[in-house]
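Enquirer: sequence and computational prediction follow.
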Amino acid sequence: MRTLKYHQAISEGTVQAMERDPNVFCAGIAVDYPSGIFGTTTEALKRFGPARVFDTPAMENAFTGICIGAAAMGKRPIMVHPRNDFMLLAFDQLINLAAKWRYMYGGNAGSVPIVVRAVIGKGWGQGATHSQSLQAPLAHFPGLTVLMPATPRDAKGLLLSACRHDHPTIILEHRALYNVEGEVPEEPEETPIGKAAILRPGRDLTIVATSLMVQEALDAAEELARHDVDAEVVDLRSIRPLDEETVLASVKKTGRVIVADTSWERCGVTSEIAALCAEKAFHDLKAPVRRLALADCPAPVSQTLEQAFYPKASTIARLALHVIGIDPELVGDIDREDTFKGPY
Amino acid sequence: MRTLKYHQAISEGTVQAMERDPNVFCAGIAVDYPSGIFGTTTEALKRFGPARVFDTPAMENAFTGICIGAAAMGKRPIMVHPRNDFMLLAFDQLINLAAKWRYMYGGNAGSVPIVVRAVIGKGWGQGATHSQSLQAPLAHFPGLTVLMPATPRDAKGLLLSACRHDHPTIILEHRALYNVEGEVPEEPEETPIGKAAILRPGRDLTIVATSLMVQEALDAAEELARHDVDAEVVDLRSIRPLDEETVLASVKKTGRVIVADTSWERCGVTSEIAALCAEKAFHDLKAPVRRLALADCPAPVSQTLEQAFYPKASTIARLALHVIGIDPELVGDIDREDTFKGPY
Amino acid sequence: MSNRLEQKTEMPESWGTRDLRERRVTVHGQALAASVLLDLHRSMQRIRHTEETIARLYPQQEMRTPTHLGTGQEAVAAGVAAAVRRDDALYSHHRCHNHYLACGGSVYRLAAELYGRVDGAARGRGGSVHLTDRDNGFIVSSAILGQTVAVATGSALAFRMDGVDRVAVTFFGEATCEEGVIYESMNFAAINRLPVIYVCENNLYSTESPLSVRQPPGTELCARAESFSVPAEKVDGNDVAAVYLAARRAVDRARSGAGPSFIECMTYRWREHVGPQFDHDAGRTYRTKEEFDLWVERCPLKQSAARLISLGLADEREISAWAAEIEKEVVADFERARRAPWPEAGDLFDYL
Amino acid sequence: MSNRLEQKTEMPESWGTRDLRERRVTVHGQALAASVLLDLHRSMQRIRHTEETIARLYPQQEMRTPTHLGTGQEAVAAGVAAAVRRDDALYSHHRCHNHYLACGGSVYRLAAELYGRVDGAARGRGGSVHLTDRDNGFIVSSAILGQTVAVATGSALAFRMDGVDRVAVTFFGEATCEEGVIYESMNFAAINRLPVIYVCENNLYSTESPLSVRQPPGTELCARAESFSVPAEKVDGNDVAAVYLAARRAVDRARSGAGPSFIECMTYRWREHVGPQFDHDAGRTYRTKEEFDLWVERCPLKQSAARLISLGLADEREISAWAAEIEKEVVADFERARRAPWPEAGDLFDYL
Ligand SMILES: Cc1ncc(C[n+]2csc(CCOP(=O)(O)OP(=O)(O)O)c2C)c(N)n1
Ligand SMILES: Cc1ncc(C[n+]2csc(CCOP(=O)(O)OP(=O)(O)O)c2C)c(N)n1
Ligand SMILES: [Mg+2]
Ligand SMILES: [Mg+2]
């Protein structure tokens, strides 16, 4: 199969979604720039013009409401936030309205299938307000769908699914994945919403991961293989709805779980998966579940602090060896060089 | 000791906080009404006048920023939201600024010790946007302190602590607790932040609960006693910082845990506690941890649906019997009659 | 397609024998079909009797849903709703019964919603503040201030993108002018000349807070709208014909592609902010009895009735007869709603 | 206490022998101490050379923090900061170096912050967009549009409550006028006559979006402010004396208890939105070379220098000498900062 980068896959998904449904449009700060949200909207603008791909003022709250109102009239808006942190301004519209719409009106007002694409930042001193990762607070609320593609294939496939999905959907893309390359089918193949993927089968230990941490987990798994530990990597993909079955089946098989997420631990995705295991896989567990998340402080800027703040492949691998009972210090220097040259 | 209702305790705490520190003021929609946020601000207005207790326009976002800016100049604002759902409009200021302030400026800009009191609604058809409970999304973020008093004593004591605390603090009060009566010392006794309380010691099972669910848990524990089950009730009180020690010590003793919270399960407090046990009390656990939270849909309005939506004392008791291995159907009709007459 | 009033084909029987459809009268310098004034009046009567019926029954504690009655503000809803078409999109806020009813919303389904029954407008999931009736162009109301201002703007965007001449309207109280979202919305609407009409019901209070707490002295909300390039007009919100005419101007502007409008309707709520009582009966003093009496004197129905009589379009007896007829229907709808089935607990997750 | 300029007691040596403190000149119809114009100029020079030094060093990839340079907009920061006292509270947005420096912020600590070192203004935790220097009245800058507009309003509220005559100021770009929070804030400030000054740096672009995407044609931001009862003034933001005089009027109003003001400063950013390049070098075409050249022609330093010369307060040689002296200091500060120690990984949780 032909390969694409993550950002190219998003671009292709956008174009195909817009092609097959004239109601899809794409809007938000900077979507019509030549840089096109890191290349993800440029092609759509070229193909469909400024009527369907347009820039907006800085008005996160109202524009989210505007997307809801357009969706109520049959549109399929894709709203884009260059950083998901800006979305906090729109939590009222997202949580108090979009999430409730279908239910709160007893189905009689239809649904408001907006798609919100929002980018997670990381590193290069982007700091505390440009590198958060909002999946957990969002997924707390019934009525929202929260997706985190970790591969180019899913970046395209989940976007395509979201554009046909009946619920307001937030897709959190990771800036550090934009240049990751992978196989992507040319046709508009949808990734099912609510299905996790086993990206690497294994027998000794399950690593449940999200977004960028999936790539780190895959690297960790390779290292683990060198230590004769056969790790299974579960890419969660969908935070809500959550694919409990796939996670539980994997834990049943391996009996050991590490959960790695791009955000903090407290009331986060790592806790959710750990809780799931504690509740529904208790008798399968051979060892305590272990959570791996951001250090419990805001993101710092300085490189030395950033290094300490972010967990990475080696952190996962070390924790895995520890869980298995092997000396964690055996983990080699497996972390990829960060070639990001800033600024965003 | 003399008893007070929860709302009277908040009122007394407010007055004492304002008495001992002239920088404390209290503002928000309706705080200066004769009804005074269910009687919690009336006395403060009487004592300290409109310069320190004042109404504001409907401007949740900016007013949160205004409190931050006042706090940066040495004030101790208590901002009040008649319903915590309105706070979603202010998540940018709370999470992207207040939570980060001290850290993000390396301590050089001081801290912004705002206190946000926000009321959780429940029942009587208040519906999807007036009965949410935002502790989990808030507690996800380092830098915020999130408190949930379950008793009159703590309603006063936590407010007093918050007004001296160095971090932005959100106190979620529960509307359904406002008329609960309990012992409250007359002096300004502070409840320590970050300490859970064991409200009922027990040996067979731990019920970790928050806010209103603590009262339900106490009722459940009484019923359980009738079935010779000795339940320990842990009132979490502080969601962030979280008192892991008290929870873990209790689980070590009982080996069985139920967690009951006023919000949803997904990435919520019940998951957090379950995860904590799965990670750090794994070898103490004799049975799967069980989570008890809102039904996974927005709050409905109709009574029949509300009944099905909210877990209560009997739900806890039944689940506890189940965990112990006793027939849950033995639980009697223990739920208190809901005497709330609306509208808010 | 013409607006709601012009669409109407049948006259109520009780209107007697005069041929009112043919006749034209002049109000505020504008020629109108006489039937328009009659329809506006009956629309207000329907609202009035529904709200007053709720006020009467609410203390029985069977409508368990916080309810913000619109008594005294009928002219805004009736006047605006009459100026739009059934395929336009109307939105409302917490005080929404008036708008729902003015659009033609069923009294029975409103009553059933208040009683929490499956036949409710939102099937018992939404309550008083979350109504919907898409068939009549009433999309939704919502209880969080300012939300539907943005949402209506978005519906207008959809109409604009589709190149159709539909119009979006949103009703809100003046407190929404304290929330930033309205300015973000107006700015966007003006930039894109969206067909949206912002209808502010300025009833002088937000809950118990007077304007002085919430606006600098001398504030003109219309000047604010105009500073965002949204043409604005302030009208007597208790004069249903004045509201209707202002709304028609705004609708014409929107439909012709000339963009958004803002209408500030000065009016007054008679009953307490939430619930069925009169503030003075409840011992509340945040507004004076004199002020209240003055506004009751300016009752929109009374003013409208006086106009009908003075124009010779109806007499007191006829007007009372319509009222009686409407009241009977309303009461019957509430009785039926009270006996309607409850949602099943097992259906808790439906419509998620 | 008098404002920053009047506080100053020593004249830089390089100013030569003329007794400039005594001398008064007339600018825009206002009498000013000559030293004020000289100080304003030197303040701009300090900003210019700092920003240009960053632009030069940034491509080395050692300042790993997204950086929005203020070159071309120096007059706004210098003019406003000169009109306030050291105990006033100033706030800024993402493009904040100018304001930090104009308040007297240390170049070394700015450089250290950009290099991520412990000596940074925010000890390496904040980066370019999160500066603080409370000793000089620069409270904080923040990267999320609109935040500090509300925060400054809150500081003004604190001053008002304390009955002190301190003033709060917030700088922001014109894109913040698209965010609702500014209107919520201005409304509150006007109701309570708070001593806060809203300084809008209108540089015509938000990232690469021109005004036409973001404001209806004919928009006057001052009219918006005035509709919120906030007195407003539009000034040439590249004329440092004009900015200073407008700021002084606003400060006087605020200090005397007369409430908030809004100042719109028309200006232009020379370099790309974020980063050190010129847009045209980077192949970007969202603004024309002609427009750029026009604004470079209107360089605030050039205009200020011309004024100094024409008023006989300095000659070209002196002005260049100051520049050289400042540049040397700036470069030294950056070199020192580059050698400063890193924060320890083990201190990750400090200052939480
Ligand atoms: C964002 C938000 N803040 C506060 C409230 C609480 N609240 C409900 S109705 C109301 C008063 C609104 O006044 P106005 O908009 O003038 O409408 P009116 O009630 O006068 O019709 C308030 C403050 C809310 N619903 N939403
Ligand atoms: C709430 C929010 N939305 C979007 C952004 C992204 N952003 C950063 S700077 C900027 C442009 C701001 O333009 P303006 O306010 O005019 O200031 P300028 O950069 O022109 O100085 C944008 C959109 C942000 N930081 N915060
Ligand atoms: Mg009102
Ligand atoms: Mg700008």
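Expert: Here it is on my side, so go on. As the structure is a computational prediction, the values presented were derived from the model and not from experiment. Ligands and ions are numbered 1, 2, ... in the order given.

Enquirer: got the residues of the stretch 201-344 of chain A near chain D?
Expert: The stretch 201-344 of chain A has residues A:295-298, A:300-305, A:307-309, A:341-344 near chain D, with proximity defined as CB under 8 Å from any CB of the partner chain. Glycine gets a C-beta too; all of them are placed from N, C-alpha and C.

Enquirer: so which of those residues belong to helices?
Expert: Where those overlap with helices, as defined by DSSP state H, the overlap consists of A:Gln303, A:Thr304, A:Leu305, A:Gln307, A:Ala308, A:Phe309.

Enquirer: re the thing from before, only the buried subset of the residues of the stretch 201-344 of chain A next to chain D, as a ChimeraX command please.
Expert: For selection in ChimeraX, the members of these meeting the burial criterion (16 or more other CB atoms under 10 Å in any protein chain shown) are listed in this command:
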select /A:295,296,297,298,300,301,302,303,304,305,308,309,342,343,344
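
Enquirer: I figured A:Ala44 hits A:Val15, correct?
Expert: Yes: the criterion here is CB atoms under 8 Å, and A:Ala44 meets it with A:Val15 at 5.3 Å.

Enquirer: where along chain C do the helices fall?
Expert: For chain C, helices defined by DSSP H occupy the ranges C:4-7, C:34-57, C:74-82, C:97-102, C:107-114, C:147-162, C:181-191, C:211-214, C:221-227, C:240-255, C:289-297, C:300-310, C:316-338.

Enquirer: Throw these into JSON lines and include mean neighbour count, distance to ligand 1 and mean pLDDT, thanks.
Expert: Listed next are those as JSON lines, based on neighbours: other CB atoms under 10 Å in any protein chain shown; distance: least, CB to the nearest ligand atom, whole Å; pLDDT from 0 to 100:
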{"stretch": "helix C:4-7", "mean neighbour count": "17", "distance to ligand 1": "23", "mean pLDDT": "60"}
{"stretch": "helix C:34-57", "mean neighbour count": "23", "distance to ligand 1": "13", "mean pLDDT": "98"}
{"stretch": "helix C:74-82", "mean neighbour count": "31", "distance to ligand 1": "10", "mean pLDDT": "98"}
{"stretch": "helix C:97-102", "mean neighbour count": "30", "distance to ligand 1": "10", "mean pLDDT": "98"}
{"stretch": "helix C:107-114", "mean neighbour count": "26", "distance to ligand 1": "17", "mean pLDDT": "98"}
{"stretch": "helix C:147-162", "mean neighbour count": "29", "distance to ligand 1": "8", "mean pLDDT": "99"}
{"stretch": "helix C:181-191", "mean neighbour count": "29", "distance to ligand 1": "9", "mean pLDDT": "99"}
{"stretch": "helix C:211-214", "mean neighbour count": "18", "distance to ligand 1": "8", "mean pLDDT": "98"}
{"stretch": "helix C:221-227", "mean neighbour count": "21", "distance to ligand 1": "11", "mean pLDDT": "98"}
{"stretch": "helix C:240-255", "mean neighbour count": "23", "distance to ligand 1": "16", "mean pLDDT": "98"}
{"stretch": "helix C:289-297", "mean neighbour count": "13", "distance to ligand 1": "13", "mean pLDDT": "98"}
{"stretch": "helix C:300-310", "mean neighbour count": "19", "distance to ligand 1": "15", "mean pLDDT": "98"}
{"stretch": "helix C:316-338", "mean neighbour count": "16", "distance to ligand 1": "22", "mean pLDDT": "97"}
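
Enquirer: residues contacting the closest residue to C:Val213 other than its chain neighbours?
Expert: Closest residue to C:Val213 apart from its sequence neighbours, by CB to CB, 6 or more residues apart in numbering or on different chains: B:Asp55 at 5.1 Å. Shown here is B:Asp55, whose contacts under the criterion CB atoms under 8 Å, 6 or more residues apart in numbering or on different chains are B:Ala27, B:Gly28, B:Ile29, B:Ala30, B:Val31, B:Asp32, B:Tyr33, C:Ser209, C:Val213.

Enquirer: out of those residues, which is most surrounded?
Expert: Using other CB atoms under 10 Å in any protein chain shown as the contact criterion, the top neighbour count among the contacts of B:Asp55 goes to B:Ile29, which has 28 neighbours.

Enquirer: ok, that residue to ligand 2 distance?
Expert: Applying CB to the nearest ligand atom, to the nearest Å, the value for B:Ile29 to ligand 2 is 24 Å.

Enquirer: can you put the helices of chain C in CSV and add distance to B:His174?
Expert: Written out in CSV, the entries for the helices of chain C read as follows (distance: least, CB to CB, whole Å):
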stretch, distance to B:His174
helix C:4-7, 45
helix C:34-57, 29
helix C:74-82, 36
helix C:97-102, 30
helix C:107-114, 25
helix C:147-162, 25
helix C:181-191, 28
helix C:211-214, 28
helix C:221-227, 37
helix C:240-255, 42
helix C:289-297, 35
helix C:300-310, 41
helix C:316-338, 31
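
Enquirer: do you know which of those lies nearest ligand 4?
Expert: Of all the helices of chain C, it is helix C:181-191 that lies closest to ligand 4, at 15.2 Å by CB to the ion.

Enquirer: please write out the alpha-carbon positions of that closest one in CSV.
Expert: C-alpha atoms of helix C:181-191 as CSV (Å, rounded to 0.1, in the frame of the first residue of the first chain):
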residue,chain,number,x,y,z
VAL,C,181,-20.5,35.4,22.9
ILE,C,182,-23.0,37.8,21.5
TYR,C,183,-20.3,40.2,20.4
GLU,C,184,-18.3,37.5,18.8
SER,C,185,-21.5,36.4,17.0
MET,C,186,-22.6,39.8,15.8
ASN,C,187,-19.1,40.5,14.5
PHE,C,188,-19.1,37.3,12.5
ALA,C,189,-22.6,37.9,11.2
ALA,C,190,-21.8,41.4,10.1
ILE,C,191,-18.6,40.4,8.4
